[in-house]
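S.K.: Turn this into a model:
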Amino acid sequence: MGKTKLSRRSFLGRTAAGMAGAVMSADPGFTALSYNRIIGANDRINIGFLGCGARSSGHQNMVKMSEKEKNLGVVAVCDIWTLNREKAAAACRKLFNANVKQFKYSEEMLMMPGLDAVMIATGDFQHARLLAEVVKAGKDCYVEKPLSTDVEDAKLARSAVLSSGQVVQMGSQWVSDPMQIRIREIVRSGKLGQITKIEQVWNDNNHRWHDPDDPDVAALREEDTDWKRWLLGKPYVPFDPWKYFEFRVFRDYSGGITSQWMSHGSGLVHFYTGTTIPDSMVANGGIFGWPDIRQNPDTFQALATYDDAGLLYSYSSSYANKFGDYTCIRGKDGTLFAHGGEGSASWFYIPEHLDLPGGFDFYDGLREAVKKGKAEVITVKEYGMKPGPVSVSDDSKYHLDNWVDCMRARNPETNGNIHTGYWNAIASVMATYAYRRGKKLYWDHEREEITDHPAGK
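M.R.: Model (predicted):
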């Protein structure tokens, strides 16, 4: 086939060694100033928030949870919309008792003396370019997923990070969650036998990402922001507050389900199995439940293959029915099943060869099966974690702490490092394009491009 692929472990090991060498070499991006800003174990890490909408409030909560333990400070907020900026500054005064500096433009904030790190919570299509800007300025960065909504911006961000010596954490927080780490351990232990399929069915029942009465849309005026700056390289269109705040439902600025939920989903598949980017992708769906202003589907399903792993990945979302969310990892010798959607901590192990007609009987009930010794509850003893809850907050102290610890150690291999972000982004972009083009797409691992034919053919 002509493909050359490394396992995730060997790839990360090789990359980490290369990055460590780059930091110690005469890298022009690693200046005397950035060397002097290396953070000691007892030094306060000063954080700025870039993009001050709803998700940035989550970032503030995460920092608050670790503020004292990890010696963190907040010093700046940056948003091109005046009202968002002022609200964020007020929130920081209340939450941290800190009078943070306010900036309209990121380049101004990045020149602030003493700023160590930036947390980005902007639009999906803006993440990659802003991340590149932050690391080039010599700041560590936590950036929300997806890394990018197209391949070229994903490459741009990856290149900037790898040449910078900065520590980056993608906001795919489940890879730091103890329960998900436990599931990875079970998957990689071989307990399930050969795994050929992973299914994720994560649903909701509301007009996701569109609020007909959105107060921000009503409040925003073009003169209070910078519309051209918000577009950040996208083709110019007249000012539209709906696109500004509800970018997830517009195809030019997000894939919607693919950029948001499936980005988490594919990231967990990679995390559990050691795979990277799908070899092929098909997708279908439509706007069936909520025919409003949205351009991205509210009902969606994708199928991806990971050829070397012999694995089929199935992802499905419906926003018009939320019954029966689950994740299912199917092996020849056993199954891992999670009741609930994204981030669920309610996991069970069911051996495959039960002495039951037709295999496992769902009507018996998972918890009843556990009582009868037919299934096993998954726990994480060192964290005292028992099954549940099925709905877990996005504001992960575990993920924030992993980033902070890596910053202090100058270790680029965070749980959500730039490579994981790149892989997840490509998977979600492939799904977006497969849906929009109505055809099966492939990833050429050597050329790093999406094609309509298998590599070498």
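S.K.: Every contact and neighbour count from this point should use C-alpha atoms.
M.R.: Fine.
S.K.: Apart from its chain neighbours, what residue comes closest to His419?
M.R.: Distances taken as C-alpha to C-alpha, 6 or more residues apart in numbering put Arg158 closest to His419, at 7.3 Å, once the chain neighbours are dropped.
S.K.: Tell me where the longest helix sits in this protein.
M.R.: Using DSSP state H, we find that the single longest helix of the chain is helix 418-437.
S.K.: what packs against it?
M.R.: helix 151-162, strand 168-170, helix 263-273, strand 280-286, strand 441-444 (3 or more C-alpha pairs under 8 Å, 6 or more residues apart in numbering; DSSP states H and E).
S.K.: most packed of these?
M.R.: strand 168-170 (a mean of 29; mean count of other C-alpha atoms under 10 Å).
S.K.: any idea which helix or strand of the chain has the worst average confidence?
M.R.: helix 8-24 (a mean of 38; mean pLDDT, DSSP states H and E).
S.K.: still on that earlier bit, how about the helices and strands packed on helix 418-437, which one is nearest Ile181?
M.R.: helix 263-273 (8.0 Å; C-alpha to C-alpha).
S.K.: pLDDT averaged over the closest one - what is it?
M.R.: If you average the pLDDT over helix 263-273, you get 98.
S.K.: Ok, stretch 316-325 next?
M.R.: 95.
S.K.: Give me the distance between the two termini of that stretch.
M.R.: Start-to-end span of stretch 316-325 (C-alpha to C-alpha, to the nearest Å) is 10 Å.
S.K.: ranges for the strands of the stretch 51-200 of the chain?
M.R.: When assigned using DSSP state E, counting those that start in this stretch, the strands of the stretch 51-200 of the chain occupy the ranges 72-78, 101-103, 117-120, 140-143, 168-170, 195-201.
S.K.: Compare these and report which one is nearest to Trp227.
M.R.: Within those, the stretch nearest Trp227 is strand 72-78; the backing value is 15.3 Å (C-alpha to C-alpha).
S.K.: That closest one pairs with which strands?
M.R.: Partners of strand 72-78 in the sheet, by DSSP bridges, are strand 45-50 (parallel), strand 101-103 (parallel).
S.K.: residues contacting the spatially most central residue of the chain?
M.R.: Nearest to the mean C-alpha position of the chain, counting by C-alpha atoms, centre = their mean, stands Ser172 at 3.1 Å. Ser172 makes contact with Glu144, Lys145, His264, Gly267, Gly416, Gly421, according to C-alpha atoms under 8 Å, 6 or more residues apart in numbering.
S.K.: Next one: it relative to Ile80, how far apart?
M.R.: As judged by C-alpha to C-alpha, Ser172 and Ile80 stand 25 Å apart.
S.K.: cool, and Met430?
M.R.: 31 Å.
S.K.: Give me the more crowded residue out of these two.
M.R.: Met430 (32 against 20; other C-alpha atoms under 10 Å).
S.K.: Report the separation between the residue nearest to His419 and Gly265.
M.R.: From Arg158 to Gly265 the distance is 21 Å (C-alpha to C-alpha).
S.K.: repeat for Ser346
M.R.: Taken as C-alpha to C-alpha, the span from Ser346 to Gly265 is 16 Å.
S.K.: likewise Val118?
M.R.: 25 Å.
S.K.: ok, now Phe49?
M.R.: For Phe49, the distance to Gly265 - C-alpha to C-alpha - is 26 Å.
S.K.: do the same with Tyr313
M.R.: 10 Å.
S.K.: and if you look at Ser106?
M.R.: If you go by C-alpha to C-alpha, the gap between Ser106 and Gly265 works out to 30 Å.
S.K.: for Val201, same thing?
M.R.: Taking C-alpha to C-alpha, one finds Val201 at 10 Å from Gly265.
S.K.: so what's in contact with the two at the same time?
M.R.: Tyr315.
S.K.: for the host helix or strand of Met407, which positions count as buried?
M.R.: Using DSSP states H and E, the element containing Met407 is helix 397-409. Judged by neighbour count using 16 or more other C-alpha atoms under 10 Å, the buried positions of helix 397-409 are Lys397, Tyr398, His399, Leu400, Asp401, Asn402, Trp403, Val404, Cys406, Met407, Arg408.
S.K.: how about the nearest residue to the first one, chain neighbours excluded?
M.R.: So that's Lys397. Closest to Lys397 by C-alpha to C-alpha, 6+ apart is Met62, at 5.6 Å.
S.K.: What's the separation between that neighbour and Ile47?
M.R.: 12 Å.
S.K.: So which of those two has more stuff around it?
M.R.: Ile47 (24 against 19).
S.K.: Please name the bridge partners of that one.
M.R.: Here Ile47 shows beta-bridge partners Val74, Ala117, assigned using DSSP bridges.
S.K.: per-residue confidence for it?
M.R.: pLDDT, Ile47: 98.
S.K.: Is it correct that it is in contact with Val75?
M.R.: Yes. Counting by C-alpha atoms under 8 Å, Ile47 does reach Val75; the two are 6.0 Å apart.
S.K.: Find residues that contact each of those two.
M.R.: Counting by C-alpha under 8 Å, 6+ apart, the residues touching both Ile47 and Val75 are Leu115.
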